[in-house]
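> Have a look at this prediction, sequence included:
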Amino acid sequence: MTARSGGMALRLSRLSRHSDGRYLFVPMDHSVGDGPIVAARDFNGLVRTAVAGGADAIVVHKGRAATVDPGLLRDCALIVHLSASTSHATDVDAKVLVGDVEEAIQLGADAVSVHVNIGSDTESRQLTDLSSVADACRRWGMPLLAMVYPRGPRITDPHDPRLLSHVVNVAADLGASMVKTTWSAPLERMSEVVESCPIPVLVAGGPSRSDADLANYAAGVIAAGCSGLAVGRSFFESSTPASVIRTLSAAVHESPRLTERLGAVQRVPVR
């Protein structure tokens, strides 16, 4: 094993704090796109709540990463997001690179992430960016989370399982370590997406949900065979974020292990 391949393995292991190959990521990079998610003085408190509740990693931009108390990340991985856009752009589906792998390494990141919108007017540039970041990740032994969505003027149904199977395989074929995408409709058909893809598939949390809806949603995602969840808004917009993160962590890490111990693991069949 080379030093860099060893570094890749080490960083990948840090992304699943329970060492079970499952992941609960908390994206908190929304301040670039939409504005602050919390007062500056409260950001570290929000990170503390996420870590205490069982989050495996937080996702932030490079400048915000530099403000996070390093002590909070002893039991939680750091993913530095390299893509950006704002809600004020003429094309809100366009994403550009605003950081690189070397900067993320200097910040102590365990992984980087890149956002690609398949079907957008700038899809070709975004695919080029994903590929170039994947090449840098391979050189540096850095895991890459590709956030790939069917989103743009040519997309009629972003929750079509066949379309989702296509976009997650774009991520795999261009060198990502894992992929995050949106959910299928119906949710159980995420099993088809998972079965099609050679890398771990995580599902976005989407819009804010009630605690009960979020618990059911998380359970459905895991039952369909997904490797985890990436939930931001339902966490930091909740009046009870500590409860939300504990519920999600239990769904991702505890329920699957309990089911396996009972010998009753049943994946939704591929249709």
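Cool, the structure landed. Numbering: from 1, shown residues only.
> contacts, neighbours, all on C-alpha from now
Will do.
> Count the neighbours of the residue lying closest to Leu82 once chain neighbours are set aside for me.
In space, Leu82 comes closest to Gly99 once its chain neighbours are excluded; the distance is 4.8 Å by C-alpha to C-alpha, 6 or more residues apart in numbering. Applying other C-alpha atoms under 10 Å, we find 19 residues neighbouring Gly99.
> Check the gap between the one residue sitting closest to the centre of the chain and Lys180 for me.
With distances taken as C-alpha atoms, centre = their mean, the residue of the chain nearest its centroid is Ala230 (4.3 Å). As judged by C-alpha to C-alpha, to the nearest Å, Ala230 and Lys180 stand 7 Å apart.
> who touches both of these two?
Overlap between the contact sets of Ala230 and Lys180, as judged by C-alpha atoms under 8 Å, 6 or more residues apart in numbering, is given by 202-204.
> May I ask which of these has the most neighbours?
Leu202 (30 neighbours).
> dump the residue contacts of that residue.
With C-alpha under 8 Å, 6+ apart, Leu202 has these contacts: 23, 178-181, 226-230.
> Find the least confident helix or strand in the protein, judged by mean pLDDT.
helix 255-261 (a mean of 52; mean pLDDT, DSSP states H and E).
> For Val112, which three-state class applies?
Under the three-state scheme (DSSP: H, G, I helix; E, B strand; the rest coil), Val112 adopts strand.
> Switch the contacts of Leu202 over to JSON lines; also include distance to Gly63, secondary structure and pLDDT.
Shown next, in JSON lines, are the contacts of Leu202 (distance: C-alpha to C-alpha, whole Å; DSSP: H, G, I helix; E, B strand; the rest coil; pLDDT from 0 to 100):
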{"residue": "Tyr23", "distance to Gly63": "24", "secondary structure": "strand", "pLDDT": "98"}
{"residue": "Met178", "distance to Gly63": "24", "secondary structure": "strand", "pLDDT": "98"}
{"residue": "Val179", "distance to Gly63": "24", "secondary structure": "strand", "pLDDT": "98"}
{"residue": "Lys180", "distance to Gly63": "23", "secondary structure": "strand", "pLDDT": "98"}
{"residue": "Thr181", "distance to Gly63": "25", "secondary structure": "strand", "pLDDT": "98"}
{"residue": "Cys226", "distance to Gly63": "31", "secondary structure": "coil", "pLDDT": "98"}
{"residue": "Ser227", "distance to Gly63": "29", "secondary structure": "coil", "pLDDT": "98"}
{"residue": "Gly228", "distance to Gly63": "26", "secondary structure": "strand", "pLDDT": "97"}
{"residue": "Leu229", "distance to Gly63": "24", "secondary structure": "strand", "pLDDT": "97"}
{"residue": "Ala230", "distance to Gly63": "21", "secondary structure": "strand", "pLDDT": "98"}
